[in-house]
Each structure stands twice: as structure tokens, then as C-alpha cells.
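K.L.:
Everything below, folded, please.
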Amino acid sequence: MNLKTLRNRIPWSLIFNIAIVCLTIGLIVFFIFSKDGFIDLINSGLEINILWLLLAIGLHLMNIAIDTTIIYLFLKPTTPSLTIFKALRISMVGLFYCAVTPGASGGQPMQILYMMRMGIKGGSGTSALIQKFLVWQITLTSCSVLSMILRFSMFAEKLDVPMWILTIAGFIGQILTIVGPLLASFCPKLTSRVLRALFRFGGKIHLLKNMDEKYEKLDKSLKNFDESNKALSKNKPLLVKVYVLTFIQMMCTFMIPFCISMSFGKNCDLFNMLCAQSYVTMVSSLVPIPGASGAAEYCFSTFFASFFDEQTIKSAILLWRTITYYGTIIISLPFSGVKKRKDLVDNYAVEQGDV
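P.N.:
A predicted model of the protein is given here:
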């Protein structure tokens, strides 16, 4: 077998996944065994307050519990038989596939398949997840903007030109992800016209096949989302609940680095750390690799180096990633098996009118 044949037989996705796994393992090994790594920290005799670390873990579990509650609140109006335990399973599926797929792209599709296995209609599930995503994006963007305004001097000191470019690109990306669903909801006719024009252009340059059929399916999904979003906008108490819960959920995640610093005996400014973590979360979400491996660690080290020191920063990164990322994979792994995937895809196709 020659090299060209071998390249054709090995999918690039497999090579990419192997590279990401190697990168992740390499980072873990580096933060444990390198100079001033976790081993050196233990050998240094520094007393680590376990209670603060347990609080950090508890905050992450609270994050999962709130995520479950938000899913439950969004789905309950259209799925009366939904229980909180079923919502937990849906949340876990999303957490796992968000963690192991590039740009968290696999979370929502797998959640939809999992919900259909439970008997939840694909249209209802899709609308609920889009609404949840929209609430998350609006809350995260608002927190990031507010953080940079209130602590502009801190950001100006830490961000160089490339990081400012990334920051601006990040805000633009976040705003676009918000504008798209809002435009589809409040200007459905305009959205429909724009999509039809794009589909026609794609057909003319031979990028799309069966463009009319695909457009009709997308238009149907947009109408379902429009109806669900209008129902949500009329339900003011639900809208207030999900925004408040999402804000609390973010604060739970943002407080984890503070708990880690306290476990090392470092009394840091809580609000500064919350602002720094909101930025790290926003920028990391832009990186299209599983878990933003490498980028998340780099952003954390850039912003939190002043809160820690050379002796503790590597261990802080390791503990932060273990609690928020590696721990999430371990906790959600038992829920990762979505059985009868082909049957679910076929059922979704029937529901959408594909067959």
C-alpha cells in the first residue's frame, strides 16, 4: 500500500481527533510534571484547602443542575410528560458532545436525537435548544461587555494587539449568533427572502442540489422556531426565570477560579476574577476544536497569572480544566450512548417531510 492510498483510506477527521487527544494529554502531562507543575506544588509543602476545591466542584455541579432546570423549563410547555430526570439526561448528552466535538458543534444535534428517542418531537426540541442557546449567548455577551467596561484598565494592560483583534472578532461573532435567530423570529419575511436568494445563488454556482426542496425544509424549521419564540416572548415569567437562571449558572462557572485561588491561600479580588473568567469563556468559545484545548489554557494563563504566581499558575490551570472540562466528560460519559441512531435520523426525516 503506497502513501497516497493510505491517505485516502484514513479520514482527516480521525487524524484531527487523534491530534486533539495527543494535545490534551500533552497539556495534562505538562501541567503535572513540568517545573512548577502540580507535582512540584505538592512537594513544596503548600497547604491546599480542600474545602475550597470541594466548593469549586460543587459550583460546577450547580452549573449542571441549572442547565438541567433550564432545559426542563423550555421543554415542559410542549412536553407535559417530561420529568426532571429526563431533562438531566438531555443535559448530560449535550455536555458530553459539546466537550468532545469541534466548537461544541455536536451537542445540540445529539440532544435532538436523544429527545426524539424519548418521544419529543424534533421541531419542539430544536426550537427549545435554539432558544436556550440564544439566552446563553445574550447573557454571555452582556457579561463580557460589562466586564470590559467596568474593568477596562485591567483588560488594556493584559491584551496585546493580536488579543485585541481576537477580542473584537469574538464580540462580532457573538453578536452575529444573536442577530441571526432574532432576525428569523422578528423579521420572518425578510429572513425568508434572504434565504431564498442565497439558495438560488448557491444553485446557480452549483453549490446546492435540490435547492427548492432544501429551502422548503429550512423555511418550515424557521416557522416552527418563530412560533415557539413568539410563545416564549408572551410567557414573561418563563423568560425572566431562564435569564436569571442562566446568569446564576454563569456566575457559578466564573467563580471556580476564585475558589481555586482561595484553596492556595491567595486572597484575590472576586469581581476582577469574575470579569477575567467571563472574557476567557467568551474567547474560548470561538476556538473550533474540542474543549478549545490549548486556547483555553493560554487565555487563562494570560489573565490569571497576576492572581496566582509561577509556583501555582500551572496547577491552577490543571485544576480549573479538570473541574470544568475533564470532569464534565467523565460525569456525562455514561449518558453518551444514543442508541438506534439510524432509526432516529429516519424518524426525523419523516417528521420534516424528507421521505
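K.L.:
From Ser105, how far off is Pro77?
P.N.:
27 Å (C-beta to C-beta, to the nearest Å). C-beta: built from backbone N, CA, C; applies to glycine.
K.L.:
give me the low-pLDDT residue ranges for this structure?
P.N.:
Judged by pLDDT under 70, the chain has its weakly predicted residues at 1-21, 23, 30-31, 33-38, 40-45, 184-233, 337-355.
K.L.:
what are the ranges of the strands in it?
P.N.:
Ranges of strands within the chain: none, based on DSSP state E.
K.L.:
tell me the centre residue of it?
P.N.:
Central residue of the chain (C-alpha atoms, centre = their mean): Ala104, 5.5 Å from the mean position.
K.L.:
and that residue, what does it touch?
P.N.:
98, 285 (C-beta atoms under 8 Å, 6 or more residues apart in numbering).
K.L.:
Equivalent analysis for Phe133, please.
P.N.:
Listed by C-beta under 8 Å, 6+ apart, the contact partners of Phe133 are 108, 177, 181.
K.L.:
ok, the first one - contacts?
P.N.:
By that I understand Gln108. 94, 126, 129, 133.
K.L.:
mind redoing it with 6 Å?
P.N.:
Leu129 (C-beta atoms under 6 Å, 6 or more residues apart in numbering).
K.L.:
Okay, it and Leu129: tell me how far apart.
P.N.:
5 Å.
K.L.:
what's the closest non-adjacent residue to Leu286?
P.N.:
Gly170 (5.2 Å; C-beta to C-beta, 6 or more residues apart in numbering).
K.L.:
I meant to write Ile175 there.
P.N.:
Thr141 (6.8 Å).
K.L.:
now swap in Met148 and tell me
P.N.:
Nearest to Met148 is Phe155, by C-beta to C-beta, 6+ apart, at 5.3 Å.
K.L.:
Also Tyr97?
P.N.:
Gly106 (3.9 Å).
K.L.:
pretty sure that neighbour is in contact with Ala99, am I right?
P.N.:
No: the criterion here is C-beta atoms under 6 Å, and Gly106 misses it with Ala99 at 9.2 Å.
K.L.:
Between the two, which is the more surrounded one?
P.N.:
Ala99 (21 against 18; other C-beta atoms under 10 Å).
K.L.:
Any figure for the gap between that one and Asn63?
P.N.:
13 Å.
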